[in-house]
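Colleague: here's a sequence, model it:
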Amino acid sequence: MFVGSGFPTPTGGDLSGAWEQIQAALRKSIRREQFETWFRRAGLRSFGPEGVHIVVQNGFAADWLRSNYMNALEQATRAVFGQGWPIVIDIDPELSAQARPRSPDEPAAPMPVAAPATNGVHQRAPREPRGNAPESGLLWSSDVALNPHYRFDNFVVGPCNRFAYAAAVGVSESPGKSYNPFFLHGSVGLGKTHLLQSLCYSLLERDPQTRILYLSCETFINHFISALENGDLQKFRNKYRNVDVLVVDDIHLLANKERTQEEFFHTFNTLYNASKQIVLSSDSPPKEIPTLQDRLVSRFKWGLVTEIEKPCYETRMAILKRKSRERGKELPDSVAQLVAEHIDSNIRELEGAVNRLLGYASLNNLDVTPDLARHVLRDIFVSPKGQPSMDDVLRLITSHFQLKVTELQSRRRTKAIAHPRQIGMYLARTITRHSLEEIGGFFGGRDHTTVLYAVEQIEKQMKSDDRFRASVQGLLSQLRR
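Modeller: I've put the predicted structure just below:
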């Protein structure tokens, strides 16, 4: 038996107290992020003249501690036991994944998987050479460092992102199979990066030898241009085609770059035919990326294309509660409700609001109240002039089609009501910042699939009917005045 995260204190020997003292000593000698990453889920198996046995969950974590933290462990154990005993790193795959209970002022604990953290972000870990075998894990040629806080277990799931979350988890469980390629799209600040990095962490946790190349599309383009200039195309191709997982962020940057599209097409085919996982992110779906070759659009749609939408009210509330708890003080409901009502389109803005509000309250020793929130976040709470609201949309539709709001929100499906309702949903989706789920709520509690279908129907009719298109554009113009 041993003591560590989630395990009961064994009989015989004060392992629990000893481990707490070792952890306290480690906190003084290494950065908090490093401690949270590598020692929060470790445990103490035994101690004595024969050695201090530290237990971790997998071989990768054990190798990394042996390579990077032996001095810190020796100093910490010497401080606790008063003498230098050998440090032994053991592995136990059944080590609990749950961190010990935290005090309110402690941050959430990330799990150790890929590499130690520096200034809050995971760096790519150098690995011991394995003969002539290629390096594994997050490759050095990646231009993205994994953030230890971007994990599936701290991603707030709601109606706006539930499908995208489930799809990312599915990819991490069966890479190169059902969902290949995995194409994730949505506006900035909605959690795409969180999901992609969580996916990478999960893959490395399942198999630390997984070779992941994670980079931006801009880097791919620049590398290709450089390869053309230097005559190193074969080296370029070897780099991009000899991986297990290729993750490319902002793939929409391929627009208007014909030669690069050609090269990516062949890279895609090589990886796909070898059953290697391809993960792509974009701010728009494949069909809406301008000048993207049809054969690339087709291939991007081979696997799974999913959208991560703007967070609905309930999800925004959950995010605010989670982020504030991580900062050590949960927002009161009245404050969270106020912030969630005013910030409705961007998760990064929600997190920034939490940081500003709690930071201001802490520095000035003030209670977090709605009045304080209005003062600290006054620049955010001021609505943009001329920003159309759902009330504006409903008022326009009811006036134009001679209907009542209750009719639009009713279950009646006659054409005289259903068609104006669909137009209203299209206008709301086009001109407001509300998610599909929220728009459905304004039209009688309909779900997001109903709103999506309505938008698609109106777009289809606008393409085939010039007169109808002009009519809808006229309504949009009225809302924008």
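Colleague: so which helix or strand takes in the most centrally placed residue in the chain?
Modeller: The chain has His194 as the residue nearest its centroid, 1.4 Å off, counting by CA atoms, centre = their mean. For His194, the host element (DSSP states H and E) is helix 192-206.
Colleague: same question, Arg316
Modeller: Per DSSP H and E, Arg316 falls inside helix 313-326.
Colleague: tell me what that helix is packed against?
Modeller: With contacts taken as 3 or more CB pairs under 8 Å, 6 or more residues apart in numbering; DSSP states H and E, helix 313-326 sits against helix 333-342, helix 347-363. C-betas here are computed from N, CA, C, even on glycine.
Colleague: looking at those, spot the one closest to Gly186.
Modeller: helix 347-363 (10.5 Å; CB to CB).
Colleague: the closest one: what's the following helix or strand?
Modeller: Where DSSP H and E defines the elements, the next helix or strand beyond helix 347-363 is helix 370-376.
Colleague: my guess is Phe268 meets Leu296, correct?
Modeller: Yes. Shown here, Phe268 and Leu296 form a contact pair, counting by CB atoms under 8 Å, at 7.5 Å.
Colleague: surely Leu350 touches Lys323?
Modeller: Yes. Judged on CB under 8 Å, Leu350 makes contact with Lys323 at a distance of 6.9 Å.
Colleague: the more surrounded of those two?
Modeller: More neighbours surround Leu350 than the other of Leu350 and Lys323, with 25 against 22 (other CB atoms under 10 Å).
Colleague: contact partners for the more buried one?
Modeller: Going by CB atoms under 8 Å, 6 or more residues apart in numbering, Leu350 touches 311, 316, 319-320, 323, 339-340, 343.
Colleague: now, among those residues, which is nearest to Phe443?
Modeller: The closest of the contacts of Leu350 to Phe443 turns out to be Pro311 (CB to CB; 19.2 Å).
Colleague: let me see the contact set for that closest one.
Modeller: Neighbours of Pro311 in contact, by CB under 8 Å, 6+ apart: 158, 160-161, 190, 319, 344, 347, 350, 435.
Colleague: can you classify it by secondary structure?
Modeller: At Pro311, secondary structure determined by DSSP: H, G, I helix; E, B strand; the rest coil is coil.
Colleague: buried stuff in the helix holding Arg316?
Modeller: In terms of neighbour count (16 or more other CB atoms under 10 Å), helix 313-326 has its buried residues at 313, 315-326.
Colleague: please apply the same query to stretch 234-254.
Modeller: Those would be 236-237, 239-241, 243-254, for stretch 234-254 by 16+ other CB under 10 Å.
Colleague: where does the stretch 251-400 of the chain dip in pLDDT?
Modeller: For the stretch 251-400 of the chain, applying pLDDT under 70 flags the ranges 345, 381-387.
Colleague: let's go with 50 and repeat that
Modeller: Along the stretch 251-400 of the chain, segments meeting pLDDT under 50 span 385.
Colleague: and if you look at the stretch 51-200 of the chain?
Modeller: 96-136, 140.
Colleague: now do 90
Modeller: The stretch 51-200 of the chain contains residues with pLDDT under 90 at 55-69, 71-72, 81-84, 90-181, 185-194.
Colleague: would you map the strands across it?
Modeller: Ranges of strands in the stretch 51-200 of the chain, per DSSP state E, counting those that start in this stretch, are 52-56, 87-91, 117-118, 121-122, 137-138, 182-185.
Colleague: circling back: how about the contacts of Pro311 in TSV, adding distance to Arg421?
Modeller: Listed next are those as TSV, based on distance: CB to CB, whole Å:
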residue	distance to Arg421
Gly158	25
Cys160	21
Asn161	26
Leu190	27
Ile319	30
Asp344	22
Ile347	30
Leu350	31
Ser435	18
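Colleague: still on that earlier bit, so which of the contacts of Leu350 comes closest to Glu459?
Modeller: Nearest to Glu459 among the contacts of Leu350, counting by CB to CB, is Pro311 at 24.0 Å.
Colleague: please report how far that closest one lies from Gly176.
Modeller: Separation of Pro311 from Gly176 (CB to CB, to the nearest Å): 31 Å.
Colleague: surely Asp90 is in contact with Arg45?
Modeller: Yes. Under the criterion of CB under 8 Å, Asp90 makes contact with Arg45 at 5.9 Å.
Colleague: what is in contact with these two at once?
Modeller: Listed as contacting both Asp90 and Arg45 by CB under 8 Å, 6+ apart are 53-55.
Colleague: can you pick the most crowded of these?
Modeller: Neighbour counts for the shared contacts of Asp90 and Arg45 peak at Ile54, which has 25 neighbours (criterion: other CB under 10 Å).
Colleague: tally of neighbours for the closest residue to Arg327 other than its chain neighbours?
Modeller: Closest residue to Arg327 apart from its sequence neighbours, by CB to CB, 6 or more residues apart in numbering: Leu358 at 5.1 Å. For Leu358, the count of nearby residues is 19 (other CB under 10 Å).
Colleague: go on, Ala164?
Modeller: Neighbour count for Ala164, taken as other CB under 10 Å: 24.
Colleague: about what we covered before: if I pick the residue nearest to the centre of the chain, what's in contact with it?
Modeller: Counting by CB under 8 Å, 6+ apart, His194 touches 150, 155.
Colleague: quick one: contacts for the residue nearest to Arg66 when sequence neighbours are not counted?
Modeller: Residue nearest to Arg66 in three dimensions, not counting chain neighbours: Ile89, with 5.5 Å by CB to CB, 6+ apart. Ile89 makes contacts with 54-56, 62, 65-66, as judged by CB under 8 Å, 6+ apart.
Colleague: please redo it, this time with the cut-off set to 6 Å
Modeller: Taking CB atoms under 6 Å, 6 or more residues apart in numbering as the criterion, Ile89 is in contact with 54, 62, 65-66.
Colleague: one more: Asp466?
Modeller: Not one residue lies near Asp466 by CB under 6 Å, 6+ apart.
Colleague: what's the spacing between it and Gln473?
Modeller: For Asp466 relative to Gln473 (CB to CB), the value is 10 Å.
Colleague: can you check Ala25 too?
Modeller: 68 Å.
Colleague: between these two, which is the more surrounded one?
Modeller: Using other CB under 10 Å, the more surrounded residue of Ala25 and Gln473 is Ala25, with 18 against 11.
Colleague: name the helix or strand for the more buried one, please.
Modeller: In the assignment (DSSP H and E), Ala25 maps to helix 15-29.
Colleague: so that helix versus strand 52-56, what angle?
Modeller: Relative orientation of helix 15-29 and strand 52-56, computed by axes from the mean of the first three to the mean of the last three CA atoms, to 10 degrees: 80 degrees.
Colleague: other SSEs contacting helix 15-29?
Modeller: strand 3-4, helix 70-81 (3 or more CB pairs under 6 Å, 6 or more residues apart in numbering; DSSP states H and E).
Colleague: what's the nearest residue to Glu438 if we skip its chain neighbours?
Modeller: Nearest one to Glu438, counting by CB to CB, 6+ apart, is Cys312 at 5.4 Å.
Colleague: oh sorry, the question was meant for Thr398
Modeller: Excluding the flanking residues, the one nearest Thr398 by CB to CB, 6+ apart is Val405, at 5.7 Å.
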